[in-house]
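J.: Following is a predicted model, sequence given first.
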Amino acid sequence: MKVNSRTGRVKKWKGGKFGTYFRIHGIARRSSFSTFEKAVKYLQNEFHKLDNDPREARSIHELQLDYRTYEHLEYLLAQKTEGVTLRDTVRFYLDHHSTKQFEPRTVSECSKKLLEDQRHNNNSPMQIKTLEKHLRRFNSRFGSRTIHEVMALEISDWLHQCVDPKTKKPWKASTKKGVLGSLCGLANFSRDVLRAIPDSVGKTEFQRVRRPKPDPKEEVEIYTPEELKKLLLCAMEHDVDLIPLIVLGAFQGLRPTEAHGEGVKWNKLGWTAFNWETGILEIIPQKVRTNPARKIPIHEPTKRWLRPFNELEGAIWRQTHASIKALKKLHLKAGIRRISNGFRHSYASYRIIQLEQKTDLLAAEMGNSSRMITSNYKNNVIPATASQWFSVFPPVGYEERIAQLIEPICPEKLLSG
C-alpha cells in the first residue's frame, strides 16, 4: 500500500494471521490482525493520522532536528513574513541554489583570480600593487584555507597581530582599515563572481570584522627650510633628476604620484604643463578624473630651480619605479630624516601663511577639500619661517652647472645618437 510516498506492507503468516509493516522516522512499526481487511484499514488510518494530525506528524525521512526547532522556524516565518511556510522557504532555497552553485576555493586561488580581474578591468598599476601587497600578507597566513571557512574572529586576531616589518610596531588603525578594505573586496568577488562563498542573506565573515577606531591624531611633520636646502644641494651633487620632483612637491604642493607619475595609467606630468609666460602650472586631476584641471601659480623658487630644465621635453621623470628608492638614498646622503609625503605637507603648512589662512584657496591649489587640507598642515608655523621656505633659492652658478649635467639627456641629444 502506498499513500503520499509512504509504503506499508501486509503479510499473511503461517498461523492464519496478517501482519503489517512500515517505517517512520527510521523506526519499524509492526502489528498483527486476524483479518486482511483489518490490517489494511489499520495502515490507512495510520497514514491518515501522520498526514493530517499535527501531533502525530512525522517525516518520511529521518529528521536532523527536534520538532520544537521546526515549530520555532515556523513561528519566525510567521513573524517576519506574511503567509510564507517552511515548505515555501525550502523550495525557494532549492530554486535559488540551483542557479548559484557553491564551489569551494582556497584563499590563494580567489586572490589570484581577483588580481587577474583587476588587471583586465584596467585598474591603475598602483592600485593593483597595493592590492597585491595586502593579499600577499593575508595569503601567508590563510592561503591554503578555503575562503568560506575563514571566520571573522580569525581575521580580526590576525589584523591585531600584524606588525610593520621595519619598525616591528603593530599596524596603525589606518593600515588595518586599508587591508580590511582589500579583504572585503576579495570576499565580495569570491561570493558574487567565483561562488566560493555561499550567497546567503547578510554579510560575509570579512564584512563582520569590526573596523578599528582611528588612531589619536598625530602632529603633522614637515621639513624646515634648512633641511629643504640641504636636500636640494645634495641633489645637485648626486642626483640632478630628483631636483624637479623635490621642487614640485615643496614649492607647488603636488602629490608624489603627480610629480613622478609612477604607477599611474595616464600620461606622466611633462614639461609642457608649465606655461612660463603666464606663470601657470596645469595639473590634470588623478583621483577624480571628472574634476577640472587645477591651475597653480608657479612660485618664484620653482622658476629659479627649474630654469635650467626649461628646454627639456617629454616626461619630467622618465623612470618607471625608482623615485622612492632614489629619494631614500638622497635623504641618507644629506643626513635628513625622511617624512612621508613631507614636501606636500610642508607646502600646505607654509603656503597657508601666505594665503592668510584661506583654506579654500589652498584647497583649490592642492586639489583637495578644505577639511583634508586643514588636517594636513602644521598649525604652529610662524610667518618668518614660511617666508624662509619660499626663499630657498639656488646658489650662484647653479644654472651653468645643471645645464652641463642635463645636456646629455636632452631629447635632441638622444635622437642624434
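T.: Happy to help now that I have it. Worth saying up front: this structure is predicted, and the values here are computed from it rather than measured. Residues are numbered from 1 along each chain as shown.
J.: Quick check: next helix or strand after the lengthiest helix in the chain?
T.: The helix spanning the most residues in the chain, taking DSSP state H as the definition, is helix 173-192. The helix or strand immediately downstream of helix 173-192 is helix 225-238, counting by DSSP states H and E.
J.: Buried residues, that following helix. List them.
T.: Counting neighbours by 16 or more other C-beta atoms under 10 Å, one finds that the buried residues in helix 225-238 are 225, 227-232, 234-236. Any C-beta I mention is one placed from the backbone N, CA and C, and that applies to glycine too.
J.: pLDDT of it, averaged?
T.: Here helix 225-238 scores 94 as its mean pLDDT.
J.: buried set for the helix or strand that comes right after that helix?
T.: Counting by DSSP H and E, the next helix or strand C-terminal to helix 225-238 is helix 242-252. Across helix 242-252, burial judged by 16+ other C-beta under 10 Å covers 242-252.
J.: State the mean pLDDT of helix 242-252.
T.: Averaged across helix 242-252, the pLDDT comes to 94.
J.: Give me the contact list for the helix or strand following that helix.
T.: Next helix or strand after helix 242-252 toward the C-terminus (DSSP H and E): helix 256-260. Contact partners of helix 256-260, identified using C-beta atoms under 8 Å, 6 or more residues apart in numbering, comprise 126, 244-245, 248-249, 263-264, 268-269, 283, 286, 316-317, 319, 323, 341, 343-344.
J.: Okay, and which of those map to strands?
T.: If you go by DSSP state E, the contacts of helix 256-260 have I283 in strands.
J.: Give me the ChimeraX select line for the contacts of helix 256-260, limited to the buried ones.
T.: Only the buried entries of those go into this ChimeraX selection, using 16+ other C-beta under 10 Å:
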select :244,245,248,249,263,264,268,269,283,286,316,317,323,343,344
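J.: Pull the number of nearby residues for N275.
T.: By other C-beta atoms under 10 Å, 12 other residues sit near N275.
J.: quick one: contacts for the spatially most central residue of the chain?
T.: Centroid-nearest residue in the chain: S182, 2.7 Å away (criterion: C-alpha atoms, centre = their mean). Residues in contact with S182, defined by C-beta under 8 Å, 6+ apart, are 130-131, 134-135.
J.: so which of those residues comes closest to D88?
T.: D88 lies nearest to L135 out of the contacts of S182, by C-beta to C-beta, at 40.7 Å.
J.: now that closest one, nearest residue through space, not along the chain?
T.: S111 (4.4 Å; C-beta to C-beta, 6 or more residues apart in numbering).
J.: how's this structure carved up into domains?
T.: The chain is divided into the following domains under automatic domain parsing: 1-63, 65-99, 107-192, 225-415.
J.: Relative to R211, which of those domains is closest?
T.: Closest approach to R211 among the domains of the chain (C-beta to C-beta): domain 107-192, 6.0 Å.
J.: tell me how far the closest one is from the chain's mean position?
T.: Mean-position distance between domain 107-192 and its chain equals 8 Å (C-alpha atoms, centre = their mean, to the nearest Å).
J.: can you give me how far stretch 313-320 is from the chain middle?
T.: Distance, stretch centre to chain centre, for stretch 313-320: 30 Å (C-alpha atoms, centre = their mean).
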